[in-house]
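> give me the fold of what follows.
(one chain, ligands or ions: 2)
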Amino acid sequence: MTGIGIAGAGAFGTALGVVLAQSGRRATIWAHQAAFADRIRNSNENPRLPGVALPENLSVTSEIADIAECDLVLLTTPMQALASVLETHGPVLKARHMVACCKGVDLATGRGPSAIIAESCTGVVPAVLTGPSFAADIARGLPTALTLACADAKAGIALQERLSTPTLRLYRSSDTVGAELGGALKNVMAIAAGIVIGTGLGESARAALITRGFAEMQRFAQSYGAEPETLAGLSGFGDLVLTCTSQQSRNFGYGVALGRNAWFDPEITVEGAATARAVAAIARARGIDMPVTQSVAQVIDGHRSIEEAVKILLSRPLKEE
Ligand SMILES: NC(=O)C1=CN([C@@H]2O[C@H](COP(=O)(O)OP(=O)(O)OC[C@H]3O[C@@H](n4cnc5c(N)ncnc54)[C@H](OP(=O)(O)O)[C@@H]3O)[C@@H](O)[C@H]2O)C=CC1
Ligand SMILES: O=C(CO)COP(=O)(O)O
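Numbering: from 1, shown residues only. Ligands and ions are numbered 1, 2, ... in the order given. Next up is the predicted model:
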């Protein structure tokens, strides 16, 4: 079967389904809750992506069997759900290609999405779709450019062609590790940027944070063999800029709320929180200098106040850039 399965009925999976269906592809979104699938079907709209009508050739199901025969599956659950979803449903999925669309590092194992796919689904070619794009922008048909990373060059070309649309422009890369780490780490930096703005530290401080945060991202990713060019591209620098500067970003919004000591809805997906904890632990164990990430992890876990974290960051030894 040549249809596209989309595992995860959130804003991003729905937006990808909409744009792919609008350009003639047949796609099916799988939701893990039957009631939620019913709600989407009955209203022809996903409450996580309000105001976007679903095209006719985009189906919604809560039966995993309905996407089992798809040759391509996009994995659009939150990162911390990916391993359990693949453990439970991976064996029934017959897809030869799986594209991870989630951004983060698994807190329990320290693994990224492509490693989770490779370990859970033998014989599947893992790929990663990541880069600067808000689901609402994609779904409205606004122009977006993303990175499609796949270590298998032939599969990468086929996936790039299959998933590009007139408004969704995919650039190809073979550096899956670099692409997925860029997407994971920028969310941590977006929380930090939100804290900077929420606390009233100013735009100059945010620019410094983004720049030093990018240096930190490079250090971490290169320790895993990522190419510096990947981090400088859409999946790293591009998404870092978007997420650290846009009110649309949930990670940025969470940071702003922390900075203002304001309530933030715990139902909202904030991938950078678990990823900050995961990356801080890995960096400590591997001796990688990640001061911003360590500070974010300490602040969100209540182990350090924002004032203390800022003081510590500003009193680090002076050094060359
Ligand atoms: N939104 C965006 O603009 C973008 C998001 N992404 C990435 O896409 C990923 C998903 O984000 P997004 O779509 O926004 O998230 P949402 O918060 O919109 O939705 C998450 C969805 O995942 C479902 N889900 C949660 N746990 C499971 C599970 N165990 N099995 C199956 N489904 C589950 C939720 O269902 P329920 O609520 O019923 O539990 C919900 O439908 C994230 O990694 C994010 O970083 C990437 C680019 C853009
Ligand atoms: O990844 C995204 C934009 O590229 C979405 O960011 P948020 O999860 O912070 O909303």
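> mind checking the SS state of the residue positioned nearest the centre of the chain?
Centroid-nearest residue in the chain, with C-alpha atoms, centre = their mean: residue 103, separated by 2.3 Å. Classification of residue 103 using DSSP: H, G, I helix; E, B strand; the rest coil returns coil.
> residues contacting it?
The neighbours of residue 103, taking C-beta atoms under 8 Å, 6 or more residues apart in numbering as the test, are 79, 130, 180, 183-184, 186-187, 271, 275. Backbone N, C-alpha and C define where each C-beta goes, glycine included.
> what sits against the closest residue to it other than its chain neighbours?
Closest residue to residue 103 apart from its sequence neighbours, by C-beta to C-beta, 6 or more residues apart in numbering: residue 183 at 3.9 Å. By C-beta under 8 Å, 6+ apart, residue 183 lies in contact with 103-104, 128, 130-131, 235-236, 239.
> just the ones of those in strands?
Applying DSSP state E to the contacts of residue 183, the entries found in strands are 128, 130.
> closest to ligand 1 among the contacts of residue 183?
Using C-beta to the nearest ligand atom, residue 103 comes nearest to ligand 1 of those, at 3.8 Å.
> and the pLDDT at the closest one?
Per-residue pLDDT puts residue 103 at 98.
> kindly state the domain boundaries assigned to the chain.
Domain ranges of the chain: 4-174, 185-314, per automatic domain parsing.
> what ranges does the stretch 201-321 of the chain have for its helices?
Listed in chain order, the helices of the stretch 201-321 of the chain (DSSP state H, counting those that start in this stretch) span 203-222, 228-231, 239-245, 250-260, 271-286, 291-300, 306-314.
> out of the ones you listed, which is closest to residue 137?
Set against residue 137 and scored by C-beta to C-beta, the helices of the stretch 201-321 of the chain come closest in helix 239-245, at 9.7 Å.
> one step back: quick one: the helix or strand where the residue nearest to residue 103 lies to chain centroid distance?
Counting by DSSP states H and E, the element that carries residue 183 is helix 176-199. Centroid displacement of helix 176-199 relative to its chain, using C-alpha atoms, centre = their mean, to the nearest Å, is 10 Å.
> re the thing from before, output the contacts of residue 183 in a markdown table, with distance to ligand 2 appended to each entry.
What follows is the contacts of residue 183, written out as a markdown table (distance: C-beta to the nearest ligand atom, whole Å):
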| residue | distance to ligand 2 |
| --- | --- |
| 103 | 6 |
| 104 | 10 |
| 128 | 13 |
| 130 | 8 |
| 131 | 7 |
| 235 | 9 |
| 236 | 11 |
| 239 | 5 |
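> restrict the contacts of residue 183 to those near ligand 1?
Contacts with ligand 1 within the contacts of residue 183, counted by C-beta under 6 Å from any ligand atom: 103-104.
> looking at the helices of the stretch 201-321 of the chain, which is nearest to residue 163?
For those, proximity to residue 163 was assessed by C-beta to C-beta; helix 239-245 is nearest, at 17.3 Å.
> what's that closest one in contact with?
Counting by C-beta under 8 Å, 6+ apart, 130-134, 182-183, 186-187, 189-190, 193, 206, 209-210, 213-214, 217, 249, 251-252 sit against helix 239-245.
> thinking again about what came up before, in CSV: the helices of the stretch 201-321 of the chain, plus distance to residue 43 and mean neighbour count.
Shown next, in CSV, are the helices of the stretch 201-321 of the chain (distance: least, C-beta to C-beta, whole Å; neighbours: other C-beta atoms under 10 Å):
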stretch, distance to residue 43, mean neighbour count
helix 203-222, 38, 18
helix 228-231, 40, 19
helix 239-245, 29, 23
helix 250-260, 23, 23
helix 271-286, 26, 21
helix 291-300, 34, 24
helix 306-314, 40, 14
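> out of the ones you listed, nearest to residue 39?
Between the helices of the stretch 201-321 of the chain, helix 250-260 lies closest to residue 39; by C-beta to C-beta that is 21.3 Å.
> does any part of the closest one sit near ligand 1?
No - counting by C-beta under 6 Å from any ligand atom, ligand 1 is not contacted by helix 250-260; separation bottoms out at 7.4 Å.
> so what touches that helix?
187-188, 190-200, 243-247, 262-264, 268-273, 299-300, 306.
> how about the residues of the protein by ligand 1?
Contact residues (C-beta under 6 Å from any ligand atom) of the chain with ligand 1: 8-13, 32-33, 36, 48, 76-79, 81, 84-85, 101-104, 133-135, 269, 271.
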